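J.: build the 3D model from these lines:
(one chain, ligands or ions: 1)
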Amino acid sequence: MSKRMLAAVLLLAIVMIFPGCGGKNKGDVLGLMYHHLVEDPAQATAWITTPDELRNNLTDLQALGYRPLSLEDYAAENYDPMGDYFIVTFDDGYLSNLTLAGPVLEEMDIPAAIFVITGCVGTPEYMTWEDLRTARDGGVFTLYSHTHSHKSAPDMTTEEFLADAAVAWDELTTHLGEGEHKILSYPNGAYTKESMKALRAAGYEMLVIQEKPKWFREKHHGRLLLRVNVPGRGADMKEIANYHRTRCGVGKLH
Ligand SMILES: [Zn+2]
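T.: The predicted model follows:
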């Protein structure tokens with residue numbers, strides 16, 4: 001057998017042992033980013049979805065071999081590294097997460113994380129602290145920080161950004177108690193290298209963004225959850241999964 005044939009046979013064996021993972025010995029952890037929901041499909045946009053679309057998205061992903069994973073279990077590394085998982089997340093803290101997404105997630109037995117802008121709590125369309133406690137106690141949602149002001153990190157000094165994150169953390173722990181994991185989703189997906197280092201030093205164990213910077217190193221900047229925005233109309237979950245798999249170095253689904 002030639003060396004080239006041997007390599008081909010070995011590659012085939014790996015692909016058969018690790019279906020969907022190509023030559024890389026790991027599965028995929030796909031963060032799904034949602035924001036607001038509405039009942040009326042005519043009002044859905046790139047950033048606003050409906051309960052039916054959400055149900056379809058999660059059904060499609062499970063048909064592609066993905067399993068639901070909670071952000072808590074991801075943070076605790078309590079999952080099979082060879083498996084393909086999705087993590088449902090909602091940014092900002094809209095009341096519709098509780099009223100419209102909650103029943104779908106409960107019915108499907110799928111956990112989700114909400115990143116709360118603490119400065120928006122109790123304002124129109126957003127949850128109150130009472131709503132957030134209801135969400136937390138319902139068994140579907142876990143709650144984390146999306147900062148207090150929702151200002152982009154690059155528009156502030158590192159000190160200002162850290163102070164803003166600290167206000168949010170104080171508010172969350174005052175109203176909801178200490179969570180198990182200190183995790184922050186960057187407003188507008190915009191980060192800086194300095195703020196990542198500073199958050200890590202301040203005890204944040206995971207940061208949530210959309211695109212991984214080239215300079216990112218887990219040992220310096222902590223752990224990341226990378227997400228893909230799921231548009232509210234006609235999302236192709238296979239396309240979304242393959243986009244994410246490609247950028248993470250995981251073999252594509254076919
Ligand atoms: Zn946001």
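J.: every contact and neighbour count from this point should use C-alpha atoms.
T.: OK.
J.: list the contacts for whatever residue of the stretch 101-250 of the chain ends up closest to the ion?
T.: The minimum distance from the stretch 101-250 of the chain to the ion, using C-alpha to the ion, falls at Pro187 (4.8 Å). The contact partners of Pro187, by C-alpha atoms under 8 Å, 6 or more residues apart in numbering, come to 146-147, 150-153.
J.: can we see that at 10 Å?
T.: Residues near Pro187 by C-alpha atoms under 10 Å, 6 or more residues apart in numbering: 91-92, 115, 117, 145-153, 208-209.
J.: just the pLDDT at it, thanks.
T.: pLDDT for Pro187: 97.
J.: what do you get for the one 5 residues further on?
T.: The predicted local distance difference test score for Thr192 is 95.
J.: re the thing from before, quick check, nearest of the contacts of Pro187 to Pro231?
T.: Comparing the contacts of Pro187 against Pro231 with C-alpha to C-alpha places Asp91 closest, at 13.7 Å.
J.: the closest one and Val116 touch, don't they?
T.: Yes - the criterion here is C-alpha atoms under 10 Å, and Asp91 meets it with Val116 at 6.6 Å.
J.: count of neighbours near Thr142?
T.: As a burial measure, Thr142 scores 23 neighbours (other C-alpha atoms under 10 Å).
J.: wait, I meant Gly203
T.: Number of residues near Gly203 (other C-alpha under 10 Å) recorded here: 12.
J.: before we move on, what SS does it have?
T.: For Gly203, the secondary structure call by DSSP: H, G, I helix; E, B strand; the rest coil comes out as coil.
J.: could you check how far it is from Ala165?
T.: Relative to Ala165, Gly203 is positioned 12 Å away (C-alpha to C-alpha, to the nearest Å).
J.: same deal with Asp137?
T.: 24 Å.
J.: of these two, who's got more company?
T.: Ala165 (23 against 11).
J.: which residue is the nearest non-sequential neighbour of that one?
T.: Counting by C-alpha to C-alpha, 6 or more residues apart in numbering, Ala165 lies nearest to Thr147, which is 4.7 Å off, once chain neighbours are set aside.
J.: just the pLDDT at that neighbour, thanks.
T.: Thr147 is assigned a pLDDT of 98 by the prediction.
J.: Asn229 now?
T.: Note for Asn229: predicted pLDDT of 97.
J.: about what we covered before: so which of the contacts of Pro187 sit within strands?
T.: In strands, defined here by DSSP state E, the members of these are 91-92, 115, 145, 208-209.
J.: circling back to that earlier point, the residue nearest to Ala165 reaches Gly189, doesn't it?
T.: No - applying C-alpha under 10 Å as the test, Thr147 and Gly189 come out as separate, 12.0 Å apart.
J.: so which of the two has more stuff around it?
T.: Thr147 (27 against 13).
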